[in-house]
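Student: Structure for the following, please:
(chains A and B)
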Amino acid sequence: QKEVEQNSGPLSVPEGAIASLNCTYSDRGSQSFFWYRQYSGKSPELIMFIYSNGDKEDGRFTAQLNKASQYVSLLIRDSQPSDSATYLCAVEGGKLIFGQGTELSVKP
Amino acid sequence: DAGVIQSPRHEVTEMGQEVTLRCKPISGHDYLFWYRQTMMRGLELLIYFNNNVPIDDSGMPEDRFSAKMPNASFSTLKIQPSEPRDSAVYFCASSWDSQKETQYFGPGTRLLVL
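Tutor: Residues are numbered from 1 along each chain as shown, chains lettered A, B, ... in the order given. As a prediction, the model looks like this:
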């Protein structure tokens, strides 16, 4: 059974801080990793993807991948209240396997 | 451009009734996915299609669930008979062949089975 694990949170950070969201996965053969954001009552939307070890930056978002440790993370710099949402980690293993999501709350 | 369209947005039904959920993918997308989301189990893939052909239905929970894609612009997910444990949000998503994992989700159908 392929698994993707995330801390459910909630993770609370003050506005302007760095939010760090973590994810581990069980399938060593996985090659593609994704972060989706889901606002309450809305559908998931893709915000980042990463295929190679290391960091990938897109604006205030940085995805980090360590395949040896089977670990992927998402950093959100200068967190804003509008970043408050649930962040879903997804790992490709023939099909997308989603984690349970981490709820992030950014306090003004 | 219109995104993925789902209907109905909300459905309340009684146990034993048939439920049909509908999805129109983004035009030109080759893949269509049906997901179910609950607090307990998170987001689960039920079935996905490529060029209207079902590829993997291993996530369909039981024979009460069936899905069809008669053409490139329409898919249905049917539950017959429905049970209270089927209550969830059902999402449809679609993607291009070259970027299967970059999925665009519809707004979802909130199903409540009483």
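Student: Where does pLDDT dip in chain B?
Tutor: B:1 (pLDDT under 70).
Student: Pairing partners for the residue most central in space within chain B in the sheet, please.
Tutor: For chain B, the residue sitting closest to the mean C-alpha position, by CA atoms, centre = their mean, is residue B:34 at 3.2 Å. Beta-bridge pairing of residue B:34, defined through DSSP bridges, involves residue B:47, residue B:92.
Student: so what's it up against?
Tutor: Applying CB atoms under 8 Å, 6 or more residues apart in numbering or on different chains to residue B:34 gives the contacts B:23, B:45, B:46, B:47, B:48, B:67, B:75, B:77, B:90, B:91, B:92. In this view, the C-beta of every residue, glycine as well, is placed from N, C-alpha and C.
Student: Could you do residue B:4 as well?
Tutor: Residues near residue B:4 by CB under 8 Å, 6+ apart: B:23, B:24, B:25, B:26, B:92, B:93, B:94, B:104, B:105, B:106, B:107.
Student: among those residues, which are in strands?
Tutor: The strands, defined by DSSP state E, take in B:23, B:24, B:92, B:93, B:94, B:104, B:105 from the contacts of residue B:4.
Student: among those residues, who's most crowded?
Tutor: Within the ones in strands among the contacts of residue B:4, neighbour counts (other CB atoms under 10 Å in any protein chain shown) peak at residue B:92, which reaches 28 neighbours.
Student: these two touch, right, it and residue B:74?
Tutor: No: Residue B:92 is not in contact with residue B:74 according to CB atoms under 8 Å; the separation is 10.6 Å.
Student: what sits in contact with each of those two?
Tutor: Counting by CB under 8 Å, 6+ apart, the contacts common to residue B:92 and residue B:74 are residue B:23.
Student: Out of the contacts of residue B:34, who's the most crowded?
Tutor: Counting neighbours by other CB under 10 Å, residue B:92 leads the contacts of residue B:34 with 28 neighbours.
Student: Who are the contact partners of it?
Tutor: By CB under 8 Å, 6+ apart, the residues touching residue B:92 are B:4, B:6, B:21, B:23, B:25, B:32-35, B:75, B:77, B:105-106.
Student: and those residues as a markdown table, adding distance to residue A:28?
Tutor: What follows is those, written out as a markdown table (distance: CB to CB, whole Å):
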| residue | distance to residue A:28 |
| --- | --- |
| B:4 | 32 |
| B:6 | 35 |
| B:21 | 36 |
| B:23 | 34 |
| B:25 | 32 |
| B:32 | 29 |
| B:33 | 24 |
| B:34 | 28 |
| B:35 | 25 |
| B:75 | 33 |
| B:77 | 33 |
| B:105 | 28 |
| B:106 | 32 |
